[in-house]
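Asker: I'll drop the sequence and a predicted model, then ask my questions.
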Amino acid sequence: MLYYIYMYKKLRIIFCILAALFSAVTIFIFVYFEWWGFAPLGGAFVCGALMVTFKQLQEKKELKDNPPPPQGDFITGKVKNKEEENK
């Protein structure tokens, strides 16, 4: 399932570039066409939201495939290995 992570990375990059392009075009459209500048501004927000969504999906998939090691805290103490628990 590693291809999902690569797909999410590529989609993040694509939507990041699109959001930057929409943002850059927005300035010129506002100058020359006034209120029509809200169209690419909305596109930039949509691409930014999709970029964040794919980032969260990628991180969720990476944590599912490779979970972090268990850690204790100051209340429960150190997490014991399964070997230590059986002794």
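Answerer: Thanks, I have it.
Asker: buried stuff in the strand or helix carrying Glu59?
Answerer: Using DSSP states H and E, the element containing Glu59 is helix 38-65. Going by neighbour count (16 or more other Cβ atoms under 10 Å), the buried part of helix 38-65 is 40-41, 43-44, 47-48, 50-51, 54-55, 57-58, 61. Using the backbone N, CA and C atoms, a C-beta is placed for each residue, glycine as well.
Asker: same for it, what does it pack against?
Answerer: Counting contacts by 3 or more Cβ pairs under 8 Å, 6 or more residues apart in numbering; DSSP states H and E, helix 38-65 packs against helix 2-33.
Asker: packing partners of the helix it packs on?
Answerer: helix 38-65.
Asker: what's the burial count for Phe22?
Answerer: Around Phe22 there are 20 other residues, counting by other Cβ atoms under 10 Å.
Asker: do Glu34 as well
Answerer: For Glu34, using other Cβ under 10 Å, the count is 9.
Asker: state the distance from Val31 to Lys10.
Answerer: 33 Å (Cβ to Cβ, to the nearest Å).
Asker: give me the helix or strand of the chain that scores worst on average pLDDT.
Answerer: Lowest by mean pLDDT, DSSP states H and E among the helices and strands of the chain is helix 82-86, with a mean of 59.
Asker: spatially central residue in the protein, please.
Answerer: Lys55 (1.4 Å; Cα atoms, centre = their mean).
Asker: spit out the contact partners of it.
Answerer: Residues in contact with Lys55, defined by Cβ atoms under 8 Å, 6 or more residues apart in numbering, are Tyr8, Arg12.
Asker: okay, it: pLDDT?
Answerer: pLDDT recorded at Lys55 is 94.
Asker: what's the answer for Asp65, then?
Answerer: Reading off the model, Asp65 has pLDDT 85.
Asker: show me what contacts Leu11?
Answerer: By Cβ under 8 Å, 6+ apart, the neighbours of Leu11 are Leu50, Phe54.
Asker: again, 10 Å this time
Answerer: Residues near Leu11 by Cβ atoms under 10 Å, 6 or more residues apart in numbering: Leu50, Met51, Thr53, Phe54, Lys55, Leu57, Gln58.
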